[in-house]
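>>> no sequence for this one, just the structure:
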Ligand code: ARG
């Protein structure tokens, strides 16, 4: 973990001191950078250019079969000298024998290098075993160390609504958001996980209405599952509302004027009553607030329990109800809007922002307050930005929300127009395709999880190694499977979506196959530990050069890439990159573990191999497997998967 430790390791390989420290090299986090730095040094000596210049001319190979590192000659920007193609041929020929590389070849303007399979394991394996769960992370993740400045990222995700059912986009947001938060932590950020519960708005008015019409204290007190009662109450009201809403929409369409939409509310009692109930709540009517607090408590306790089932823990943070908790803060925000000349009043009493008057016609018109003076979703979101700024002083706020693109464009622009462009710069909307519901009649998050876990009751025991055949383990594996299914779309704009029907395929890229290989690996480790101990082979330094051949070396190559995978995941915020990487390991590892099994059977037959060689090989593979297990665990945790053994 320190440069001294690393120097010692490299000296033991017969390498000179670490070449002049280069600003862009990250030796303590990126093992590939070690190779990069030494290659740059050799290049510098051959060409006589500057150290940084040489470093910058080298890049990781962009495709398989093209080596591992690649000198791109035009990047050297040499003022004079031979034509670059000649230089490439010359360099490839003259390149001195080097412990870290095999003989290079030239290819146009490139000189390409494979990392030496002899030394690669010697660098990479101890490196990983030293860094442990820090391997693949950058910067320090020691959040207890307050001396170190940590940039703070708020990650807002999941954000279902109180009352309505939990939707597929909420589910995808839950897992995507957890991943985004984990990735930020891996990059040294202090990540704060926020659930922006939709606990305010007209739907709460509708819920209040349902309460007065269909429910009683007693019923709520005695209900075994009060959160479900709330949802059922809401669903009942929604049923009543639906046909009327459709009619209302039709009328509005006829009028073809968005701003006048509210007007038709008057026609049906249910709209009037709903809006009145919400208005009462916003005005702080004690009985409305008391009921709201009750419903809110029930919902918070339900969600805390249920998110726990998928390993997500949110910081204590207000949902949309922020307004009711802090009307002064809301007033401050509205004053800024007003002072910047942004709000206007329409004839029928709406408070709006017309973006066309602020050079952003594409963003249309947004309502901040309804005719009856109640707040809108947008106004609450603006207030939330400023509230979070005060509470958390964030450097970055990521909204992990399916679609909603127009809304966030309006929100960000509004903050900008409020004279806070520096805040807008910190706001990011991570959009994704919402997917369709394929989980039958499950309505609540807990229902979905139950269904998912139920499908695993049907899992054939033979599909998993004996160490996993335990119903309590099945529960975790089922959730892992769900997460992988949700995140394994090609990218965020592709629909993934949980499909209960295909959830327990053991084959292919599933959480289950990841789990199976992980468990087999753990078994192999225990087995090797036993054999190595019994063989009395205990050198000070295990000779890892036994790993220089396929299939082992292929794993080592993959393991060396892990930090690049996490840093790319941070840049793209696409979980699919991490998943494909883990599945590459699964594939390579299954060859190794097959060999392992064959090796055991054939041990006696290998008469020509002496016992010491076998023992040395076992000890080396043990280290390799331990490092692989570490990387699998680190990668799985990034995706919020729980490795089970
Ligand atoms: N509750 C909203 C919904 O279910 C999503 C909230 C998204 N977050 C936000 N800050 N607007 O659609």
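Nice, thanks for sending it over. The structure presented is a predicted model; accordingly, all values stated were derived computationally and were not measured.
>>> tell me which residues touch residue 344, please.
Taking Cβ atoms under 8 Å, 6 or more residues apart in numbering, we find residue 344 in contact with 351, 352, 353, 354, 357. Backbone N, C-alpha and C define where each C-beta goes, glycine included.
>>> out of those, who's nearest the ligand?
Ranked by distance to the ligand (Cβ to the nearest ligand atom), the contacts of residue 344 are led by residue 353 at 16.4 Å.
>>> what helix or strand is that closest one on?
strand 351-354 (DSSP states H and E).
>>> who wins for neighbours among the contacts of residue 344?
residue 353 (25 neighbours; other Cβ atoms under 10 Å).
>>> tell me the contacts of that one?
Here residue 353 is in contact with 337, 342, 343, 344, 365, 366, 368, 410, 414, 417 (Cβ under 8 Å, 6+ apart).
>>> the same query, at a cut-off of 6 Å, please.
342, 366 (Cβ atoms under 6 Å, 6 or more residues apart in numbering).
>>> can you tell me how far it is from residue 378?
Distance, residue 353 to residue 378, by Cβ to Cβ, to the nearest Å: 8 Å.
>>> now do the helices in the stretch 51-200 of the chain.
51-56, 84-94, 120-131, 168-186 (DSSP state H, counting those that start in this stretch).
>>> for residue 459, state which of the contacts of residue 344 is nearest.
Of all the contacts of residue 344, residue 353 has the smallest distance to residue 459: 53.8 Å, by Cβ to Cβ.
>>> how close does the nearest residue to residue 516 once chain neighbours are set aside sit to residue 374?
Of all residues not flanking residue 516 in the chain, residue 464 sits nearest, at 5.7 Å (Cβ to Cβ, 6 or more residues apart in numbering). According to Cβ to Cβ, residue 464 stands 54 Å off from residue 374.
>>> what does residue 503 give?
If you go by Cβ to Cβ, the gap between residue 503 and residue 374 works out to 42 Å.
>>> which non-adjacent residue is nearest the residue of the chain found nearest the ligand?
Scanning the chain for the residue nearest the ligand gives residue 198, at 3.4 Å (criterion: Cβ to the nearest ligand atom). Among residues not flanking residue 198 along the chain, residue 161 sits closest, at 3.2 Å (Cβ to Cβ, 6+ apart).
>>> what residues does the stretch 51-200 of the chain put near the ligand?
Residues of the stretch 51-200 of the chain lying near the ligand by Cβ under 6 Å from any ligand atom: 156, 159, 160, 161, 196, 198.
>>> reformat the residues you listed as a markdown table; add pLDDT and distance to residue 483.
Output for these, formatted as a markdown table (pLDDT from 0 to 100; distance: Cβ to Cβ, whole Å):
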| residue | pLDDT | distance to residue 483 |
| --- | --- | --- |
| 156 | 98 | 19 |
| 159 | 98 | 18 |
| 160 | 97 | 17 |
| 161 | 97 | 22 |
| 196 | 97 | 21 |
| 198 | 97 | 23 |
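>>> so is the longest helix along the chain next to the ligand?
Taking DSSP state H as the criterion, the chain has its longest helix at helix 226-255. No: for helix 226-255 and the ligand, the contact criterion (Cβ under 6 Å from any ligand atom) is not met; the two come no nearer than 13.3 Å.
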